[in-house]
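>>> got a predicted model here, sequence first, then my questions.
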Protein chains: 2
Amino acid sequence: VGLLGGSIGLALRAAGFTGRLVGIGRRMSSLKKALAVDAVDEVTRDVGAVAGAQLVILCTPISQFGPLLERMAPALKPGTYVTDVASAKVEVVRLAGRMLPRDVHFIGSHPMAGSEKAGVEFARADLFQRALCLVTPTARTSAGTVRWVRSFWEVLGGRTVVLSPQRHDELLARVSHLPHAVAAALVALAERKSAIDLAGPGFADTTRIASGEPGMWVDIFGANRKAMLRATDELIDELKRFRGYLNRKDMHALLKWLNARKRTRDRWVAQRYRKQVLPP
Amino acid sequence: VGLLGGSIGLALRAAGFTGRLVGIGRRMSSLKKALAVDAVDEVTRDVGAVAGAQLVILCTPISQFGPLLERMAPALKPGTYVTDVASAKVEVVRLAGRMLPRDVHFIGSHPMAGSEKAGVEFARADLFQRALCLVTPTARTSAGTVRWVRSFWEVLGGRTVVLSPQRHDELLARVSHLPHAVAAALVALAERKSAIDLAGPGFADTTRIASGEPGMWVDIFGANRKAMLRATDELIDELKRFRGYLNRKDMHALLKWLNARKRTRDRWVAQRYRKQVLPP
């Protein structure tokens, strides 16, 4: 029950959910914080508590999914919905497919909300408002499970998109995972010669995600390794293209390159904003 | 008189300046906008208007500095202060040194404030509050000129740092110019396979500066070409280091790499915040 798990609890309450919210965790100190901010109604360190659940949401780093699913599996009742909030999906779906009983309804989710700040103390009831919530069924997932879990995220305020786990990981490497590695690489360059002392608001935004939880990101990179390696190679090629323009003083090509990127981004921002203007 | 020039006018007024603010520009339509938002008291297309000035601030893209200084030079009175707001300094200082009379007090400035939005309609009186304002004297600059121009930026709310034009360009390549190129490169990757449709708030922040004015940035890259080529090579090396860790599944090294960057950035944010807590 960290930032995401806690925000799910708060958002469910805000949406009028009247059932019981149970926080399962490893450390009582963290669970007590979740109680203190009213993110859950009760807490336990016993994974067996999933026995009574209608919906179970895994909100741990991906490296804990294996052991967790193994311990959960015997306790889950038939017909229980199980999903997660991890940022990589192929690996998660593979694990769940292998470890969960067939009569449990599993589907991967990736709500694109969060913060570089970790911990339930940063949880917010409106975290999922207008957030993209990606839902990744496989050939084994029933249409009913897709519908049910989409509705769940939409009740919390999210806009859902359905795509395969493979396509999810391929696309997210480009727009989320690689940008994280790049932000860290830019910080590495800024460390040298104390350049960071002269960094301004542009640098602050470009590198914000480099303040994210390293353990979580190592898991994501590991779980999406092949797509990340490909995306990194593509980025290096793109930087070499930029370098080539500058090296041969081809300012016309450089301008064209920057113009095209500005147009793409501005169009995306405008569209995103338009989609997000929902009734309050 | 765009975003920066207009903000200087508004900030001077807010600071209690009672003298005359004259906006010089090429297009009357833009100058009229500057008048409409009260950023200046009068406007003209005649560069000769600098004849009456105590301080002249160049706020154009760097590619216009040559022709502009050439036309200004004969009109400037001895003892006039001249500075600028460009993001690259070696080239600007070289041009000013060659084209301005010796009895004019030139010094390069780089107020690290701005926006990805261009135009005087986005000008703000508080744009320079707590902003780093870099001032780049050469061996020819008098101590009095350094003091005078530092005071100027401090009156507008800035925190000044004095360094050589060479050091400025070397460090800014790392923390400002290269991040701009990287943001554009990330947008290029996101364009492919329509990945951008799944981009979230992290991507929005990481690539914000890619919405900046391409013409201005081509000038900056061109004026800081050598430092940019070096910084691009260093970044490619850093990305290859990341790629190496991931390729050989050295998750321990990857974690160490991310941890160090997070620590650096968090320390910077904390320090920056501390430095910025000034009396209102």
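Thanks, I have it. Numbers count the residues shown, from 1 in each chain, chains lettered A, B, ... in the order given.
>>> kindly report the residues of the stretch 51-200 of chain A close to chain B.
Neighbours of chain B within the stretch 51-200 of chain A, by Cβ under 8 Å from any Cβ of the partner chain: A:112-113, A:131-132, A:134, A:161, A:168, A:170-172, A:174-176, A:178-196, A:198-200. C-beta coordinates here come from the backbone N, C-alpha and C atoms, glycine included.
>>> chain A: strands as residue ranges?
Secondary structure of chain A (DSSP state E): strands at A:22-24, A:42-44, A:55-58, A:81-84, A:105-106, A:108-111, A:132-136, A:159-162.
>>> could you flag which of the residues of the stretch 51-200 of chain A next to chain B are buried?
Buried members of those, scored by 16 or more other Cβ atoms under 10 Å in any protein chain shown, are A:112-113, A:131-132, A:134, A:161, A:168, A:170-172, A:174-176, A:178-191, A:195-196, A:198-200.
>>> any idea how far the closest residue to A:Ser142 other than its chain neighbours is from A:Val50?
Closest residue to A:Ser142 apart from its sequence neighbours, by Cβ to Cβ, 6 or more residues apart in numbering or on different chains: A:His105 at 6.9 Å. To A:Val50, A:His105 is 13 Å away according to Cβ to Cβ, to the nearest Å.
>>> what is in contact with the two at once?
Taking Cβ atoms under 8 Å, 6 or more residues apart in numbering or on different chains as the contact rule, A:His105 and A:Val50 both touch A:Thr80.
>>> how many residues are close by the residue nearest to A:Ser142?
21 (other Cβ atoms under 10 Å in any protein chain shown).
>>> tell me how far the helix or strand bottoming out on mean pLDDT in chain A is from the chain's mean position?
Lowest by mean pLDDT, DSSP states H and E among the helices and strands of chain A is helix A:251-276, with a mean of 90. Centroid separation for helix A:251-276 versus its chain: 25 Å, with Cα atoms, centre = their mean, to the nearest Å.
>>> ok, now stretch A:172-184?
Between the centre of stretch A:172-184 and the centre of its chain there are 12 Å (Cα atoms, centre = their mean).
>>> ok, stretch A:153-161 next?
Centroid separation for stretch A:153-161 versus its chain: 14 Å, with Cα atoms, centre = their mean.
>>> per-residue pLDDT of the residue nearest the centre of chain A, please?
Centroid-nearest residue in chain A, with Cα atoms, centre = their mean: A:Ser87, separated by 3.8 Å. If you check A:Ser87, the pLDDT there is 96.
>>> likewise A:Ser29?
pLDDT, A:Ser29: 95.
>>> burial of it, as a residue count?
By other Cβ under 10 Å, 8 other residues sit near A:Ser29.
>>> same deal with A:Gly23?
By other Cβ under 10 Å, the residues close to A:Gly23 number 24.
>>> helices along the stretch 1-150 of chain A, start to end?
A:3-14, A:28-36, A:65-72, A:90-99, A:143-155 (DSSP state H, counting those that start in this stretch).
>>> and if you look at the stretch 151-280 of chain A?
Counting by DSSP H, counting those that start in this stretch, one finds helices in the stretch 151-280 of chain A at the ranges A:165-172, A:178-191, A:201-206, A:214-223, A:225-247, A:251-276.
>>> what's the most buried one of the ones you listed?
Most buried of the helices of the stretch 151-280 of chain A, by mean neighbour count (mean count of other Cβ atoms under 10 Å in any protein chain shown): helix A:178-191, with a mean of 26.
>>> from the chain's centroid, how far away is that helix?
How far helix A:178-191 lies from its chain's middle: 19 Å, per Cα atoms, centre = their mean.
>>> show me what that helix is packed against.
Applying 3 or more Cβ pairs under 8 Å, 6 or more residues apart in numbering or on different chains; DSSP states H and E, we find helix A:178-191 packed against helix A:201-206, helix A:214-223, helix A:225-247, helix B:178-191, helix B:201-206, helix B:225-247, helix B:251-276.
>>> ok, now with 7 Å
helix A:201-206, helix A:225-247, helix B:178-191, helix B:201-206, helix B:225-247, helix B:251-276 (3 or more Cβ pairs under 7 Å, 6 or more residues apart in numbering or on different chains; DSSP states H and E).
>>> closest one to A:Leu127 among those?
helix B:201-206 (10.7 Å; Cβ to Cβ).
>>> could you dump the helices and strands packed on helix A:178-191 to TSV with distance to B:Leu69?
Output for the helices and strands packed on helix A:178-191, formatted as TSV (distance: least, Cβ to Cβ, whole Å):
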stretch	distance to B:Leu69
helix A:201-206	27
helix A:225-247	25
helix B:178-191	25
helix B:201-206	37
helix B:225-247	20
helix B:251-276	34
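>>> so which of these is nearest A:Met99?
Among the helices and strands packed on helix A:178-191, helix A:225-247 comes nearest to A:Met99, with 20.7 Å by Cβ to Cβ.
>>> now do that closest one against helix B:178-191, angle only.
Following axes from the mean of the first three to the mean of the last three Cα atoms, to 10 degrees, one obtains 130 degrees for the angle between helix A:225-247 and helix B:178-191.
>>> helix A:225-247 to helix A:90-99, inter-axis angle?
Helix A:225-247 runs at 170 degrees relative to helix A:90-99, counting by the same axes, to 10 degrees.
>>> what helices and strands are in contact with helix A:225-247?
Using 3+ Cβ pairs under 7 Å, 6+ apart, helix A:225-247 sits against helix A:178-191, helix A:251-276, helix B:178-191, helix B:225-247.
>>> apply 10 Å and report the result again.
The elements that helix A:225-247 packs onto, with contact taken as 3 or more Cβ pairs under 10 Å, 6 or more residues apart in numbering or on different chains; DSSP states H and E, are helix A:90-99, helix A:165-172, helix A:178-191, helix A:214-223, helix A:251-276, helix B:178-191, helix B:214-223, helix B:225-247.
>>> and it, average pLDDT?
98.
>>> before we move on, what about stretch A:214-221?
On average, the pLDDT along stretch A:214-221 is 96.
>>> got it, and stretch A:136-147?
97.
>>> okay, buried residues for it please.
By 16+ other Cβ under 10 Å, the buried positions in stretch A:136-147 come out as A:136-138, A:141, A:145-146.
>>> I figured A:Leu3 hits A:Val120, correct?
Yes: A:Leu3 is in contact with A:Val120 according to Cβ atoms under 10 Å; the separation is 6.7 Å.
>>> joint contacts of these two?
A:Ala39 (Cβ atoms under 10 Å, 6 or more residues apart in numbering or on different chains).
>>> list of residues touching stretch A:252-263?
Residues outside stretch A:252-263 that contact it (Cβ under 10 Å, 6+ apart): A:238, A:241-242, A:244-246, A:248, A:250, B:116, B:180-181, B:183-188, B:190-191, B:207, B:209-219, B:221-222.
>>> let's go with 8 Å and repeat that
Applying Cβ under 8 Å, 6+ apart, the contact partners of stretch A:252-263 are A:241-242, A:245-246, B:183-185, B:187-188, B:191, B:210-212, B:214-215, B:217-218, B:221-222.
>>> got it, and stretch A:177-187?
Among residues not part of stretch A:177-187, those counted as contacts by Cβ under 8 Å, 6+ apart are A:87-88, A:196, A:203, A:206-210, A:212, A:217, A:220-221, A:224, A:227-228, A:231-232, A:235, B:178-179, B:182, B:186, B:189, B:202-203, B:206-207, B:235, B:238-239, B:242, B:257-258, B:261-262, B:264-265.
>>> which ones are touching the residue nearest to the centre of chain A?
Applying Cβ under 8 Å, 6+ apart to A:Ser87 gives the contacts A:110, A:172, A:176-177, A:220.
>>> which of the residues you listed lies closest to B:Arg150?
Distance to B:Arg150, by Cβ to Cβ, is smallest for A:Ser176 among those, at 42.1 Å.
>>> wait, the closest one touches B:Phe203, no?
Yes: assessed by Cβ atoms under 8 Å, A:Ser176 is found in contact with B:Phe203 at 6.6 Å.
>>> burial of A:Glu42, as a residue count?
If you count neighbours by other Cβ under 10 Å, A:Glu42 ends up with 13.
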